[in-house]
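Trainee: below: sequence and its predicted model.
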Amino acid sequence: MAPRLIISADGPEAYAGWRDSFAQHAPEIDVVSWFDTQTPREEAQYALVWEADDHDLRAMHHMRGILCTGAGVNHLVSSPDFPHHVPLVRMGGGDTGTLMADYVLWACMTLLRDARTWALQQERHVWARNLVSRTSASTHVTVLGYGQIGSVVAQRLARAGFQVTAWRRASGETRDGEVRLLGGEEGFASALAGTDLLVNLLPSTPQTRQILNRGSLSLLKRGAGLINVGRGDHLVEADLLALLEAGHLAGAVLDVVAQEPLSPVSPLWDHPAITLTPHVASEASREAQVRYLAQSIAQLERGEMPALLFDHRRGY
């Protein structure tokens, strides 16, 4: 009997697209809509969600697996009604890492060449040359987080010619090819010291929230840049603004912010040194997502644990 997946992700208007993509790329999965009142939810073994209220989560206690369309799942597991005994799988797949690496490489080049100034000058019809002589080979990038996505990003930056250090939870210093690896609390300050560009890819946990603050960001080289593609709650936005105004930081590229959508009155919108993107750094095609979800369901059916299974003890 085919496993049944009930879909609520992205709302009722998105269901037809999910249904058609599963029919084309993973026909072995029986898909139904969460919003069809004629569908018995108790007959579905799996659920595909983005957001789910407490009532929805209580209806998932019988399931074999819950799959989320995002890599961040804190908004789900923070509910007291989340069924902790049900495996929770975060979105991943090969395209996710590649897309993130593409975005971060673009962001690094944007900060390296001060491309924000070009964009502002174009808006004002100003022809002025802001020459930048620094190259990727002389630029030290530190990546916070060296998991399935962070490792792809760090290796891609190294191949592009940057000097790359990555920081991870495990203690000790080692190397992975061209990437220098530091870890643990004792390695955090060392990883940030001397950094020209800081890339944050950490998960959101009690230990990492607000980790990008005045203290940590002040460890970077004067004139450094920040790229936040982790979680919005990692960054103390007031501290970022203060360090930009003081000249300690030269720029930032932010794909995630604490409040999404960003408030229309946020000072982040108009700051000349900040480039904002609307949480789009790494979203794979629908085909790639469906193939990944089908693979994850197949693993769960065999009693295997997918690589991006949420670990409630670690918080990611």
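Mentor: Structure's in. What do you need? Residues are numbered from 1 along each chain as shown.
Trainee: quick one: residue 204 and residue 256 touch, right?
Mentor: No - look at residue 204 against residue 256 with CB atoms under 8 Å: they stay out of range, at 9.7 Å. Any C-beta I mention is one placed from the backbone N, CA and C, and that applies to glycine too.
Trainee: how about the helices of the stretch 201-316 of the chain, start to end?
Mentor: 214-217, 237-246, 286-301 (DSSP state H, counting those that start in this stretch).
Trainee: what residues are shared contacts of residue 204 and residue 256?
Mentor: Counting by CB atoms under 8 Å, 6 or more residues apart in numbering, the contacts common to residue 204 and residue 256 are 230, 231, 234.
Trainee: can you tell me which of those residues end up in strands?
Mentor: Judged by DSSP state E, strands contain none of the shared contacts of residue 204 and residue 256.
Trainee: so which of these is the closest to residue 188?
Mentor: Closest approach between the shared contacts of residue 204 and residue 256 and residue 188, by CB to CB: residue 234, at 13.4 Å.
Trainee: could you give the number of residues near that closest one?
Mentor: Residues contacting residue 234 under the criterion other CB atoms under 10 Å number 24.
Trainee: I figured it hits residue 200, correct?
Mentor: Yes - shown here, residue 234 and residue 200 form a contact pair, counting by CB under 8 Å, at 5.7 Å.
Trainee: tell me, what's touching these two both at once?
Mentor: Counting by CB under 8 Å, 6+ apart, the common neighbours of residue 234 and residue 200 are 211, 212, 228.
Trainee: what would the residues you listed look like in CSV with distance to residue 260?
Mentor: Shown next, in CSV, are the shared contacts of residue 234 and residue 200 (distance: CB to CB, whole Å):
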residue, distance to residue 260
211, 19
212, 17
228, 12
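Trainee: just give me the closest of the residues you listed to residue 160.
Mentor: Ranking the shared contacts of residue 234 and residue 200 by separation from residue 160, with CB to CB as the measure, puts residue 228 on top at 19.7 Å.
Trainee: what residues does the closest one make contact with?
Mentor: Residues in contact with residue 228, defined by CB under 8 Å, 6+ apart, are 200, 212, 234, 235, 252, 253, 254, 255, 256.
Trainee: who's it bridged to?
Mentor: residue 200, residue 254 (DSSP bridges).
Trainee: residue 173 versus that one, what's the distance?
Mentor: When CB to CB, to the nearest Å is the yardstick, residue 228 and residue 173 sit 25 Å from each other.
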